[in-house]
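K.L.:
Show me how the following folds:
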Amino acid sequence: MAKRFGGRFSPQPQPDENGARRPARPAPGEVRHPLESRTRWVTIMAIPFLISAFWQDPNGLALHLIAFGSLASGMWMTREGLQAEAAYDARRVARRPAIPRKLFGGILTGLGLAIGAYVPGAEAGAGVIGVAGAVLHWLAFGTDPMRDKGMEGVDAFQQDRAQRILAEGEAHLKAMQDAILRTGDRRLEARVGMFAATARELFGHIEDDPDHIAPLRRYLGVYLQGARDATVKFSDLYAQTRDPRARQDYETLLDDLETEFAARSARLLEGGRSDLDIEISVLRERLAREGVRPADPAPTDPAPADPAALERPMTLDDLLIPRQGEKQRR
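P.N.:
As a prediction, the model looks like this:
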């Protein structure tokens with residue numbers, strides 16, 4: 001059985017010391033919705049409206065073309081909505097889509113079916129078919145995300161600013177991955193992919209806490225832009241000369257950049273842990289000032305009894321003597 005390659009130089013995020021995979025920000029277009037292929041099949045099944053339109057009278061021609069266009073537009077809107085939902089589900093902090101694309105896709109789908117089924121004198125039947133098509137669209141593709149996720153306590157202005165800066169960083173990474181393809185070297189492509197995964201891990205931490213965007217802006221802008229320019233120049237040179245020294249210098253540059261980006265991600269995690277410790281200590285001090293005692297520690301297990309005493313049968317005196325001692329103490 002074929003086995004997917006993975007290791008130190010694999011572009012996928014590596015597991016941490018506990019065996020769990022580290023969270024990484026997915027690249028745009030990398031995450032796909034499992035229902036996305038259904039839209040293609042619905043569009044294909046609407047082709048008879050397009051073909052039969054040329055054997056109709058002018059009114060029928062217009063109606064069939066509008067029906068096909070409405071169905072195709074509805075499936076396009078639905079596919080865009082599924083892609084937005086997949087990106088929403090893949091991130092821990094995300095805003096709901098600004099436009100409910102799947103909702104509009106369902107409306108266009110029902111409208112296209114109603115127009116395609118329209119027959120003079122049977123308008124009610126066409127309306128029923130349109131409503132049934134919209135309901136089936138909702139059952140097949142679901143609804144759009146209607147609320148923000150993980151946005152509690154996050155500054156909306158900082159979040160929008162971070163999204164714009166991260167979009168520029170993603171564009172630089174995409175340009176690097178496109179430029180390195182000109183070398184035709186799979187190892188270099190994987191090496192750039194590994195650096196991109198490390199950078200996207202930092203992107204994910206910034207999305208979770210956009211307040212740290214200011215000190216990291218030069219990493220997302222200047223450094224990534226410089227890496228993109230260096231990748232373009234290296235790809236043009238290496239595709240012609242295959243200079244091993246240029247390759248070594250370029251890989252060293254990627255190693256330095258990846259080390260720096262990974263260090264920044266680790267510092268963000270350590271800073272978040274320090275902030276949590278401070279919040280907990282402040283809260284405990286406030287509770288102590290208000291007279292709230294901390295919870296008692298869990299009782300420890302009693303010492304094991306003597307095995308010889310356990311083997312000895314218990315008599316009535318053994319039960320009465322301790323109680324008499326308790327009465328004397330009282």
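K.L.:
what does stretch 49-60 rub up against?
P.N.:
61, 63-65, 67-68, 71, 112, 116 (Cβ atoms under 8 Å, 6 or more residues apart in numbering). Every C-beta, even on glycine, is put in place using the N, C-alpha and C of the backbone.
K.L.:
top of those residues by neighbour count?
P.N.:
Leu71 (27 neighbours; other Cβ atoms under 10 Å).
K.L.:
May I see the buried residues of the host helix or strand of that one?
P.N.:
Leu71 belongs to helix 58-90 when elements are defined using DSSP states H and E. Within helix 58-90, the residues that count as buried by 16 or more other Cβ atoms under 10 Å are 63-75, 77-88.
K.L.:
just stretch 180-195 next, same as before
P.N.:
By neighbour count on 16+ other Cβ under 10 Å, the buried set for stretch 180-195 is 180, 183, 185, 188, 191-195.
K.L.:
Filter those residues down to the ones in helices?
P.N.:
180, 188, 191-195 (DSSP state H).
K.L.:
Alpha carbons only: can I get stretch 39-54 in CSV?
P.N.:
C-alpha atoms of stretch 39-54 as CSV (Å, rounded to 0.1, in the frame of the first residue of the first chain):
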residue,chain,number,x,y,z
THR,A,39,-22.6,21.8,-7.9
ARG,A,40,-20.8,20.6,-11.0
TRP,A,41,-23.2,17.7,-11.5
VAL,A,42,-26.3,20.0,-11.0
THR,A,43,-24.9,22.4,-13.7
ILE,A,44,-24.4,19.4,-16.1
MET,A,45,-27.9,18.3,-15.5
ALA,A,46,-29.2,21.7,-16.5
ILE,A,47,-27.6,21.5,-19.9
PRO,A,48,-30.8,20.2,-21.5
PHE,A,49,-32.4,23.6,-21.0
LEU,A,50,-29.5,25.1,-23.0
ILE,A,51,-29.7,22.6,-25.8
SER,A,52,-33.5,22.5,-26.1
ALA,A,53,-33.7,26.3,-26.2
PHE,A,54,-32.7,26.3,-29.9
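K.L.:
What average pLDDT does that stretch get?
P.N.:
Mean pLDDT, stretch 39-54: 89.
K.L.:
Same check on stretch 221-238?
P.N.:
Across stretch 221-238, pLDDT averages out at 86.
K.L.:
So Met75 is in contact with Gly105, correct?
P.N.:
Yes: Met75 is in contact with Gly105 according to Cβ atoms under 8 Å; the separation is 6.7 Å.
K.L.:
What does the closest residue to Leu63 other than its chain neighbours show for phi and psi?
P.N.:
Leaving out its chain neighbours, the residue that sits closest to Leu63 by Cβ to Cβ, 6 or more residues apart in numbering is Ile115, at 5.7 Å. When read as degrees, to the nearest 10, the backbone of Ile115 gives phi -70, psi -40.
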